[in-house]
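1. Got a sequence here, can you build the structure:
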Amino acid sequence: MKWRLVELETHKAYMNMALDEAVSEGVSKGTSPPTIRFYTWKPSAISIGYFQSLADEVDLEQCIDSGVDWVRRRTGGGAVYHDELGEITYSVIAPESAFPKDIIKSYKLICGWIIDGLKELGLRAEFKPINDIVVNGKKISGNAQTRRGGVLLQHGTILYTVDVRRMFSLLKVADAKISDKVIASAEERVTSLSDQCTASREELYEALKKTFSVGKEFEKGGWSAEELTRAKELSNLRYSSAEWNEMR
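-> Next comes the predicted model:
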């Protein structure tokens, strides 16, 4: 199986999710190759899981004041803050038949590529089922997956920096008041590359690109005209629409 590797790009939240879906459709139809892509979010954004309520999870007023976008994913899971400079996000989009049927085994396989990338930078990371990666017991990567039309889509984040206070200011948390104690508790559970070593975000990206490519026949490439047209359509009509984002 020959893969396409799309190097690090930056898009708005809506376009990032639209590209994932456009390529998933293409892989299902046989018009797009299995694809690994890396990307960042500009402006910073909150993504919520498919089954979540936007109003329950996100402080929309604070997001507007902070210039932060929001978008609903096709995958499940929780709300995630994607800082413009604080992470690298990846997507793996390929025929479902290329991966184990067992969900946890498929997560472990793809998350293994991240673990190997962190190892390149001297970090000892571990897979924590169902879909997290931890370093020294703290979460550094969260991942989500969906399977539709015979295609597996898995995407996830690898944190380069983390600002828990900013994250909590944009999300609706159970505590009426975000106290220093709540912040400290969260900081005990979450970490980032910059907390663990001196590697740059560029070094993180190069390590991930290397380990995601190991054992695969691949070529570096961009988007086809058909994919871009479809992604722009999805971005405009679905992912940036209130109908989609406020559906729950």
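2. Would you point out the helix or strand in the chain whose mean pLDDT is lowest?
-> The weakest-scoring helix or strand in the chain, judged by mean pLDDT, DSSP states H and E, is helix 180-187 (a mean of 79).
3. Can you give me every residue that contacts Gly67?
-> Neighbouring residues of Gly67 by C-beta atoms under 8 Å, 6 or more residues apart in numbering: Pro43, Ser44. Glycine gets a C-beta too; all of them are placed from N, C-alpha and C.
4. Give the burial count for Glu61, as a bare number.
-> If you count neighbours by other C-beta atoms under 10 Å, Glu61 ends up with 8.
5. same thing with Thr191?
-> With neighbours defined by other C-beta under 10 Å, the count for Thr191 comes to 20.
6. One more: Arg230?
-> 20.
7. Thought Glu25 was touching it, still the case?
-> Yes: here Arg230 reaches Glu25: they are 6.7 Å apart, a contact under C-beta atoms under 8 Å.
8. residue ranges of the helices in this protein, please?
-> Using DSSP state H, the helices of the chain run over residues 13-29, 54-57, 60-66, 103-120, 164-170, 180-187, 193-196, 201-213, 225-234, 242-245.
9. mind putting the ones you listed in a markdown table, distance to Val151 included?
-> Putting the helices of the chain into a markdown table (distance: least, C-beta to C-beta, whole Å) gives the following:
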| stretch | distance to Val151 |
| --- | --- |
| helix 13-29 | 5 |
| helix 54-57 | 26 |
| helix 60-66 | 31 |
| helix 103-120 | 13 |
| helix 164-170 | 31 |
| helix 180-187 | 34 |
| helix 193-196 | 30 |
| helix 201-213 | 18 |
| helix 225-234 | 14 |
| helix 242-245 | 20 |
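10. among these, which is nearest Pro95?
-> Between Pro95 and the helices of the chain, the shortest gap by C-beta to C-beta is with helix 13-29, which sits at 6.5 Å.
11. can you give me the angle that closest one makes with helix 225-234?
-> Angle of helix 13-29 versus helix 225-234, following axes from the mean of the first three to the mean of the last three C-alpha atoms, to 10 degrees, is 130 degrees.
12. Extract the CA atoms of helix 13-29 and return them as PDB.
-> In PDB, the C-alpha atoms belonging to helix 13-29 read as follows (Å, rounded to 0.1, in the frame of the first residue of the first chain):
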ATOM      1  CA  ALA A  13     -10.500  24.700  12.400                       C
ATOM      2  CA  TYR A  14     -13.200  24.200   9.800                       C
ATOM      3  CA  MET A  15     -10.800  23.500   6.900                       C
ATOM      4  CA  ASN A  16      -8.800  21.000   9.100                       C
ATOM      5  CA  MET A  17     -11.900  19.000   9.700                       C
ATOM      6  CA  ALA A  18     -13.100  19.400   6.200                       C
ATOM      7  CA  LEU A  19      -9.900  18.000   4.700                       C
ATOM      8  CA  ASP A  20     -10.100  14.900   6.900                       C
ATOM      9  CA  GLU A  21     -13.600  14.200   5.600                       C
ATOM     10  CA  ALA A  22     -12.800  15.000   2.000                       C
ATOM     11  CA  VAL A  23      -9.900  12.600   2.000                       C
ATOM     12  CA  SER A  24     -11.900  10.000   3.800                       C
ATOM     13  CA  GLU A  25     -14.500  10.200   1.100                       C
ATOM     14  CA  GLY A  26     -11.800   9.900  -1.500                       C
ATOM     15  CA  VAL A  27     -10.200   6.900   0.100                       C
ATOM     16  CA  SER A  28     -13.600   5.200   0.200                       C
ATOM     17  CA  LYS A  29     -14.200   5.900  -3.500                       C
END
